[in-house]
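> requesting a structural model of the entry that follows:
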Amino acid sequence: MNFLSDTTAPAHPALIEAIARANVGFAPSYGADAVSARVEARLKELFETDLKVVFAVSGTAANALALSVLCPSDAMVLCHDEAHIHRDERGAPEFFTGGAKLLPLPGAHGKIDRSALGDALNQWPADFVHAPPPAVLSLSQLNEAGCAYTLEEVGRLTGPARAAGLRVHMDGARFASALAGLGCSPAELTWKSGVDVLCLGATKTGALAAEAVILFPSVMDRFARLQARQKRAGHMAPKARFIAAQLDAWLADDLWLTLARRANTAARRLADGLVQADGAQLAHPVDGNEVFVRLSAPLTQRLRDAGAGFYAWPDGSARFVTSWCTADAEIDALIAAARG
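Residues are numbered from 1 along each chain as shown. Now for the predicted structure:
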């Protein structure tokens, strides 16, 4: 019963097969191959716009590279206090930007509070020489509480941010799960809602190691700078076709959404089973493939004794994460253990 993280899950066989297909003959290096071009063309179709893309092998690299071309070294990124870029990337955004400051903002269920954003924009004016000016708003989709910003919520944050001259970055490590849960289009959830850059993650949804930094038309002029930063940081893969091959198979026939829906469905079933157990209460809404639940001490011990793997979260809840391959039998066993 492994519910530790979707990164502990195996890669989907279709993506492994795609890597094997790409491993035939010779191909141009550094993303100049036919598979990479096919992925970019597919992304343009999905997002209904022109765009530029570079590949990375981790979400941390993708986020840090994206922020490095959006935020000057003497400026500031606004994010939620629980954002991955703030809590879980060991200062990579600050390092890649050359010293830009991260300003964490509050908000229930991992979502930035609209009034807190307004206060930050007012308290940190762009023309005050003694303080770093806000340059970027970063949103996580899903966020660190497993919740998804709705289209309305995204717009309520990107609107004032863009009016103040900020660019908008979206950490989409679990973008597929958010999209599958919300039922909107990729375009609606990104550039049509004011997002300039999306870090689209496939690793948590079936890939071996595949992330895409997508620049939408508003910032496509920064593509050369992004490539230069990618190279200097050591994240320009010589055989990029093997990363692209994973994304090619992932996006084909909407496999990415199929896998995300499967994980989301498993999470809802797991959540329903746990809340029916004595001593369990949801800490956050279940919008994707993560379940945060407050457990009594006896229930926690019962689940541990039964062999369930999950993380104790800093806020006192327990985090359970499902994946594309979470089996019904695993959930059944967990629920049975919860019920004693």
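> output the helix or strand hosting residue 245 as CSV - backbone C-alpha positions only.
Here residue 245 sits within helix 241-251, counting by DSSP states H and E. Provided in CSV are the C-alpha atoms of helix 241-251 (Å, rounded to 0.1, in the frame of the first residue of the first chain):
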residue,chain,number,x,y,z
ARG,A,241,14.9,13.1,-28.1
PHE,A,242,14.6,10.6,-25.2
ILE,A,243,12.8,13.3,-23.1
ALA,A,244,10.7,14.3,-26.1
ALA,A,245,9.8,10.7,-26.8
GLN,A,246,8.2,10.4,-23.4
LEU,A,247,6.1,13.5,-23.9
ASP,A,248,5.2,12.4,-27.4
ALA,A,249,3.7,9.2,-26.1
TRP,A,250,2.2,10.9,-23.1
LEU,A,251,0.3,13.4,-25.2
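> next, the buried residues of stretch 9-19.
Using 16 or more other C-beta atoms under 10 Å as the test for burial, stretch 9-19 gives 9, 11, 12, 15, 18, 19. Backbone N, C-alpha and C define where each C-beta goes, glycine included.
> over to stretch 108-128?
109, 110, 111, 112, 116, 117, 120, 121, 124.
> gap between the first one and residue 311?
The reference is to residue 109. Distance of residue 109 to residue 311, given as C-beta to C-beta, to the nearest Å: 18 Å.
> again with the fourth one
Distance of residue 112 to residue 311, given as C-beta to C-beta: 23 Å.
> could you do the third one as well?
Look at residue 111 and residue 311: by C-beta to C-beta, they are 21 Å apart.
> likewise residue 298?
19 Å.
> ok, residue 64 next?
In terms of C-beta to C-beta, residue 64 sits 24 Å off from residue 311.
> how about residue 74?
36 Å.
> per-residue confidence at residue 126?
Model confidence at residue 126, given as pLDDT, is 86.
> residue contacts, residue 63?
By C-beta atoms under 8 Å, 6 or more residues apart in numbering, residue 63 lies in contact with 84, 85, 89, 92, 93, 138, 169, 171, 199.
> which strand or helix spans it?
helix 59-68.
> after that helix, which helix or strand is next?
strand 76-80.
> isn't residue 205 right next to residue 324, touching?
Yes. Residue 205 is in contact with residue 324 according to C-beta atoms under 8 Å; the separation is 6.3 Å.
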